[in-house]
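> can you look at this prediction? I've put the sequence above it.
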There are 4 protein chains.
Amino acid sequence: MHEFFEKPFINTKVNVVWGEMDALGHVNNVSYFRYFETARIDFLKQTGLLSILSEPSHSPVLRDTYAQYKRPVTFPDTLHIGSYITDIKEDRFTMCYEAFSESQQAICTMGYANVVMFNMKTGQKTAISDNMLDILKQYEIGKS
Amino acid sequence: MHEFFEKPFINTKVNVVWGEMDALGHVNNVSYFRYFETARIDFLKQTGLLSILSEPSHSPVLRDTYAQYKRPVTFPDTLHIGSYITDIKEDRFTMCYEAFSESQQAICTMGYANVVMFNMKTGQKTAISDNMLDILKQYEIGKS
Amino acid sequence: MHEFFEKPFINTKVNVVWGEMDALGHVNNVSYFRYFETARIDFLKQTGLLSILSEPSHSPVLRDTYAQYKRPVTFPDTLHIGSYITDIKEDRFTMCYEAFSESQQAICTMGYANVVMFNMKTGQKTAISDNMLDILKQYEIGKS
Amino acid sequence: MHEFFEKPFINTKVNVVWGEMDALGHVNNVSYFRYFETARIDFLKQTGLLSILSEPSHSPVLRDTYAQYKRPVTFPDTLHIGSYITDIKEDRFTMCYEAFSESQQAICTMGYANVVMFNMKTGQKTAISDNMLDILKQYEIGKS
């Protein structure tokens, strides 16, 4: 098995569909942001964060997001999106993504999203709660 | 000017974007249903129906929808979606669409949507209100 | 197990993703046509038709397509799209779709697509080939 | 008129459509990458680069892309995507985007894309050609 699967990632499996290919014949750059969004929500579900985040006083808001394209992907293929956490700050954290292509047995796309916590009642940024912090730290990978 | 523009349609202009083309190099079949949805909401806006429909007691619900593909479309192009009404019944009506391609000077796709009125408070179908009916009839085109 | 799974359908599993929900909070009407397209291509793959259809002299072209919405779907859910064939004619056939919701244990959406065979070299309609016909007939369900 | 329109940008007008809103009721984060792609291709068209780039020996390839969300956008709205160039290197350049919301009279989203030139015949990176460089420099804005 590829070393990708040995990493302490939360994994989300995505089946590439034909209609995501563009006129150049490979998966369009925009589709990866949908994959990352799907992985982000799956991360919240798998880790139990989604139930913690149901309070409007602690809502995660997407500040920015990024993707780097390393290899074009074509249908049919299955991608495994590995998600992990870096740069936990008082009111924000970074979620990183690695998309592993089954057919190519290689990382095809990498990316990240910066998420900031807001209190939707006041419209102000708010600190990451302690129970949320405990979970995020379990999936934090330091930059070496 | 093409005869398309002489018809008593509500017209919605849609710029085709490159990313809507699929691996076959023309606008993907799915995109037309997004165009029709956009035209449907624009019809409600242009005719004033959107303000009438703000009451949850009279909500339009999409029952079914259809598209027939007559000519493939490629980027760049601008489509004019002409919308009109047929088959007004007590609690439902049909909105028909014709998509005219500027570059081909021809209808490329036709379609329709059947819309049923619901009272969202009771979950039951409800009759089209009189003021809504007045507006729909202005854009009704009989089948000949 | 639900009777859906006892039918002689080709089944395609689709995981609903959060981003397919629209501002009304359920899967947008347009998404189902992407699901149906995915099921259509999966049908061709699973039945072996995809290799037969690699010849440009026998290309399937989507003539029209339709969806009827019976129940709104929300994330998270997994849909099973069952595909089968009706109305085989000399140069065309109908592929029908039933989308079964795992969480609701019910058919949520039904639809169809009419596919016409073209010879891309001549631009003319062409007859369904014998080996293609054999396969289509295996998945044909008569209207009763 | 807002100062946005006084900047030496290539401007691309995008009508927000209802179906681009997600379950949170504002334009989904993924949609902006489609807008940026549309602006990127429009930049190539408006500046005449598209004809220069028709040679496979000089193909632009998207290396990475980024978006920062400053204000949520809701339908109806029209966005003006201003595109300009920074960081021209021997074989690559950065295209930056600012999305100005008509209804909010403010920049709602910013982003960039790094584009690398490839010779598709050899699969190797290649230098930006002189005539392409001349055009890029006309739209280059230095970081201050």
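That came through, no problem.
> so which residues on chain A come close to chain B?
For chain A, the residues in contact with chain B (C-beta under 8 Å from any C-beta of the partner chain) are A:18-19, A:21-23, A:25, A:28, A:30, A:75. The way it works is simple: take the backbone N, C-alpha and C, and place the C-beta from them, glycine included.
> by neighbours, which of those wins?
When neighbours are taken as other C-beta atoms under 10 Å in any protein chain shown, the top entry among the residues of chain A next to chain B is A:Asn28 (24 neighbours).
> leaving out the residues flanking it, which one is nearest to that one?
The shortest distance from A:Asn28 to any residue other than its chain neighbours is 4.0 Å, reached at A:Asp22 (C-beta to C-beta, 6 or more residues apart in numbering or on different chains).
> rewinding a little: of the residues of chain A next to chain B, closest to B:Cys96?
Nearest to B:Cys96 among those is A:Gly19, at 25.4 Å by C-beta to C-beta.
> so the helix ranked longest in chain A versus helix D:31-47, what angle?
In chain A, assigned by DSSP state H, the helix with the most residues is helix A:31-47. Angle of helix A:31-47 versus helix D:31-47, following axes from the mean of the first three to the mean of the last three C-alpha atoms, to 10 degrees, is 170 degrees.
> give me the helices and strands touching helix A:31-47, please.
strand A:10-15, helix A:49-52, strand A:59-69, strand A:78-86, strand A:92-101, strand A:106-119 (3 or more C-beta pairs under 8 Å, 6 or more residues apart in numbering or on different chains; DSSP states H and E).
> how about the fifth one and chain C, touching?
Same thing as strand A:92-101. No. Using C-beta under 8 Å from any C-beta, strand A:92-101 stays clear of chain C, with a minimum separation of 14.7 Å.
> can that strand be said to contact chain D?
No. Contact between strand A:92-101 and chain D is absent, the nearest approach being 12.8 Å (criterion: C-beta under 8 Å from any C-beta).
> let me know the angle separating that strand from strand A:106-119.
Using the same axes, to 10 degrees, strand A:92-101 lies at 160 degrees relative to strand A:106-119.
> check contacts around A:Leu24.
A:Pro72 (C-beta atoms under 8 Å, 6 or more residues apart in numbering or on different chains).
> and it, how far from D:Ile52?
Here A:Leu24 is placed at a distance of 18 Å from D:Ile52 (C-beta to C-beta, to the nearest Å).
> also A:Val61?
Distance, A:Val61 to D:Ile52, using C-beta to C-beta: 41 Å.
> can you list the buried residues in stretch A:125-144?
Across stretch A:125-144, burial judged by 16 or more other C-beta atoms under 10 Å in any protein chain shown covers A:126, A:128, A:132, A:135-136, A:139-140.
> quick one: residues contacting A:Ser83.
With C-beta under 8 Å, 6+ apart, A:Ser83 has these contacts: A:9-12, A:39-40, A:42-43, A:95-97, A:139.
> mind running it again at 6 Å?
Neighbouring residues of A:Ser83 by C-beta atoms under 6 Å, 6 or more residues apart in numbering or on different chains: A:9-10, A:39, A:43, A:95, A:97.
> hey, what's it bridged with?
Beta bridges link A:Ser83 to A:Ile10, A:Tyr97, judged by DSSP bridges.
> mind checking how far it is from A:Gly142?
The spacing between A:Ser83 and A:Gly142, counted by C-beta to C-beta, is 16 Å.
> cool, and A:Val27?
A:Val27 is 31 Å from A:Gly142, where distance means C-beta to C-beta.
> cool, and A:Thr86?
Distance, A:Thr86 to A:Gly142, using C-beta to C-beta: 7 Å.
> same thing with A:Asp134?
According to C-beta to C-beta, A:Asp134 stands 17 Å off from A:Gly142.
> go on, A:Ile135?
For A:Ile135 relative to A:Gly142 (C-beta to C-beta), the value is 17 Å.
> equivalent analysis for A:Ala99, please.
22 Å.
> just A:Gly25 next, same as before
Separation of A:Gly25 from A:Gly142 (C-beta to C-beta): 39 Å.
> what do you get for A:Ile52?
24 Å.
> circling back: any idea of the angle the longest helix of chain A forms with strand A:59-69?
Put simply, helix A:31-47 runs at 130 degrees to strand A:59-69, going by the same axes, to 10 degrees.
> pLDDT of helix A:31-47, averaged?
Across helix A:31-47, the average pLDDT comes to 97.
> report the angle between that helix and strand A:10-15.
Using the same axes, to 10 degrees, helix A:31-47 lies at 130 degrees relative to strand A:10-15.
> residues near the closest residue to A:Pro60 other than its chain neighbours, how many?
For A:Pro60, ignoring the flanking residues on the chain, the nearest one in space by C-beta to C-beta, 6+ apart is A:Val115 at 4.7 Å. Neighbours of A:Val115 under the rule other C-beta under 10 Å: 23.
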